[in-house]
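Trainee: Sequence first, then the predicted structure, then my questions.
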Amino acid sequence: MTVELRGLRPTDRPLLEAALRSDDTFTAEEIAVALELIDDALARADSDYWFRVAVAPDAPGRIAGYICYGPTPMTRSSFDLYWLVVHRDARGRGVARALIDEMERDLRARGATGVRIETSQLESYGAARRVYERHGYREVARIPDFYKPGDALVTFYKRL
């Protein structure tokens, strides 16, 4: 799938929400947090939440996916990947790869030295963890029962 990557636009909000709700990956609480970051980025030009949006020319009116990342507080050149979302209908078509590649290009240009990703151990996040590993991110920490009993916090990191 060929996708166009661009910045966040105010008209994207309902389409990003639709991508978040396109399957059962995210809970209502997680979607609420994701929408808070989108709203912050739309409201403040100096937001620390940066977005790249993937739009597929063959699917007008739909967002194929998006990535949200930003500087890690109290570090000089470390960044966090907060959200990587691919619409259910666009999965397996290289959208995640394109978004991560674009984020890494942007961060290298900003002098980044590394990217941290925090995610869940639940199987609903298994596809995301495999995407991160294919892009060279390595698991560096795991905190058992972090989110809830049986759901560890899994931290990935990649030096850029």
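Mentor: Sure thing, it's come through. Numbers count the residues shown, from 1 in each chain.

Trainee: in what helix or strand does Glu17 lie?
Mentor: Here Glu17 sits within helix 13-20, counting by DSSP states H and E.

Trainee: Give me the buried positions along that helix.
Mentor: Arg13, Leu15, Leu16, Ala19, Leu20 (16 or more other C-beta atoms under 10 Å). C-beta here means a position set from N, CA and C on the backbone, and glycine is covered the same way.

Trainee: quick one: which of those residues is nearest Asp39?
Mentor: Nearest to Asp39 out of the buried residues of helix 13-20 is Arg13 (C-beta to C-beta; 7.5 Å).

Trainee: picking that back up, which of the buried residues of helix 13-20 lies closest to Phe156?
Mentor: Leu20 (20.8 Å).

Trainee: quick one, helices of this structure?
Mentor: With helices called from DSSP state H, the chain shows them at 13-20, 28-43, 95-109, 126-134.

Trainee: Which strand runs longest in this protein?
Mentor: When the chain is parsed with DSSP state E, its longest strand is strand 138-148.

Trainee: contacts for it?
Mentor: With C-beta atoms under 8 Å, 6 or more residues apart in numbering as the test, strand 138-148 has contacts from Ser120, Gln121, Glu133, Asp151, Ala152, Leu153, Val154, Thr155, Phe156, Tyr157, Lys158.

Trainee: Pull up the gap between the last one and Glu104, please.
Mentor: Taking C-beta to C-beta, to the nearest Å as the measure, Lys158 falls 8 Å from Glu104.

Trainee: Common neighbours of these two, please.
Mentor: Shared contacts of Lys158 and Glu104 (C-beta under 8 Å, 6+ apart): Val115.

Trainee: Where does pLDDT dip in the protein?
Mentor: 1 (pLDDT under 70).

Trainee: mind checking how far Glu86 is from Ala128?
Mentor: Check again: residue 86 is Val, not Glu. Counting by C-beta to C-beta - Val86 and Ala128 are separated by 9 Å.
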